[in-house]
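**Q** Build me a structure from this.
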Amino acid sequence: MAPEKQTGLDLDSLADGAVGRATRFPIYIDGLDELLEGGLPKGHVVLVAGPAGSMKSSITFNTLYRNTMENNLRCLYVSLEQNRSSLLDHMEGLGMGIGEVQERFNIWDLGLIRSSLLEGPTWMDAFKKDVEEYKERVGLDMLVIDSLPVLDIICKWEDPRAELFHLFEWFRELEITTLLISEMASDSRAYSRHDEDYLSDGIIILKMVEVDEVQVERRIRIVKMRATNHSMNNFNLIFDGGRFKITKVIGKHL
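**A** Okay, the predicted model is just below:
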């Protein structure tokens with residue numbers, strides 16, 4: 001078997017940042033990585049929040065897909081809302097078929113995570129064990145959980161804030177760069193239900209803005225990203241030609 005092609009990111013190298021030095025994984029939104037000093041710092045736990053239709057699943061899937069394709073990272077997408085085949089169909093429609101990289105990019109749904117333990121505290125124990133075994137067997141650099149509200153329902157936490165604190169610390173102990181998807185009402189200023197925004201290392205907000213009676217624009221904003229100097233402005237989020245990119249928002253539309 002021919003050796004894997006080594007491209008893109010050198011995980012042994014460090015990217016210079018204005019506030020420190022850290023290995024960074026690109027998020028693969030053109031223009032946004034430059035604002036993040038190269039991408040997400042390795043090991044960060046990042047909240048991605050927004051309303052339905054704001055492309056939360058698409059941009060996080062794209063981040064894993066492109067890092068697998070271009071940087072040979074080992075990635076796992078955990079879908080608690082869609083089944084695996086439905087998610088794959090949707091992403092293939094956006095040009096992100098994982099056939100070439102399925103040895104390094106896996107997708108789990110509820111049916112693949114200890115299906116006999118679908119709810120209650122034992123589910124989280126089983127999930128953690130599965131992830132730890134997967135990381136030991138295959139390797140794991142980046143993880144997406146889609147979504148936190150569904151995880152809350154499945155686990156039936158009695159003390160969500162304490163449970164989430166321990167979950168976030170578990171991600172960090174495993175040194176997995178993690179993207180956690182959270183639903184956010186379009187008219188809400190709350191990024192989360194249980195203080196996930198305080199626990200997280202970064203917050204990326206997506207929203208839908210009605211520019212006029214016809215036009216609706218998707219917007220993206222980096223609310224916080226530890227160890228990173230970044231803009232807190234809103235930008236238009238565009239998907240074109242199989243790539244995500246940002247553009248400046250025209251002032252009169254704000």
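**Q** so residue 49 is in which element?
**A** Using DSSP states H and E, residue 49 falls within strand 45-50.
**Q** Now that strand: average pLDDT?
**A** Averaging pLDDT along strand 45-50 gives 96.
**Q** Quick check: next helix or strand after it?
**A** helix 56-71.
**Q** which neighbours does the next helix or strand after that next one have in its sheet, and in what orientation?
**A** Elements were assigned by DSSP H and E; along the chain past helix 56-71, the next helix or strand is strand 75-79. Within its sheet, and counting by DSSP bridges, strand 75-79 is paired with strand 105-109 (parallel), strand 142-146 (parallel).
**Q** I'd like the average pLDDT over the first one.
**A** So that's strand 105-109. What strand 105-109 shows for mean pLDDT is 95.
**Q** Same question for the last one.
**A** Mean pLDDT, taken over the full extent of strand 142-146, equals 97.
**Q** now swap in stretch 158-175 and tell me
**A** Average pLDDT, stretch 158-175: 95.
**Q** hang on, residue 171 is in a helix, isn't it?
**A** Yes. Under DSSP: H, G, I helix; E, B strand; the rest coil, residue 171 falls within a helix.
**Q** can you list the strands paired with strand 75-79 in TSV and add mean neighbour count and distance to residue 73?
**A** C-beta here means a position set from N, CA and C on the backbone, and glycine is covered the same way. Listed next are those as TSV, based on neighbours: other Cβ atoms under 10 Å; distance: least, Cβ to Cβ, whole Å:
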stretch	mean neighbour count	distance to residue 73
strand 105-109	20	9
strand 142-146	23	6
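**Q** so which of the ones you listed gets nearest residue 59?
**A** Evaluated with Cβ to Cβ, those place strand 142-146 nearest to residue 59, the distance being 10.0 Å.
**Q** Name the residues that touch the closest one?
**A** Residues from elsewhere that reach strand 142-146 (Cβ atoms under 8 Å, 6 or more residues apart in numbering): 25, 56-57, 60-61, 63-64, 67, 73-82, 131, 151, 171, 176-181.
**Q** Tell me what angle that strand forms with strand 45-50.
**A** 40 degrees (axes from the mean of the first three to the mean of the last three Cα atoms, to 10 degrees).
**Q** Return strand 142-146 as CSV; C-alpha atoms alone will do.
**A** The C-alpha coordinates for strand 142-146 follow below in CSV (Å, rounded to 0.1, in the frame of the first residue of the first chain):
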residue,chain,number,x,y,z
MET,A,142,-11.2,16.8,15.8
LEU,A,143,-14.8,16.0,17.0
VAL,A,144,-18.2,17.5,16.3
ILE,A,145,-21.3,16.8,18.5
ASP,A,146,-24.6,17.7,16.8
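**Q** immediately after it, which helix or strand?
**A** helix 148-155.
**Q** buried ones in that following helix?
**A** Going by neighbour count (16 or more other Cβ atoms under 10 Å), the buried part of helix 148-155 is 148, 149, 150, 151, 152, 154, 155.
**Q** What backbone torsions are found at residue 245?
**A** phi -150, psi 160 (degrees, to the nearest 10).
**Q** Spatially nearest residue to it, not counting backbone neighbours?
**A** Residue nearest to residue 245 in three dimensions, not counting chain neighbours: residue 30, with 3.7 Å by Cβ to Cβ, 6 or more residues apart in numbering.
**Q** Three-state assignment for the spatially most central residue of the chain, please.
**A** Geometric centre of the chain, nearest residue: residue 179, 3.0 Å, by Cα atoms, centre = their mean. Assigned by three-state DSSP, the conformation of residue 179 is strand.
**Q** just to revisit the earlier point, what about the residue nearest to residue 245, distance to residue 144?
**A** 20 Å (Cβ to Cβ, to the nearest Å).
**Q** Please apply the same query to residue 170.
**A** 16 Å.
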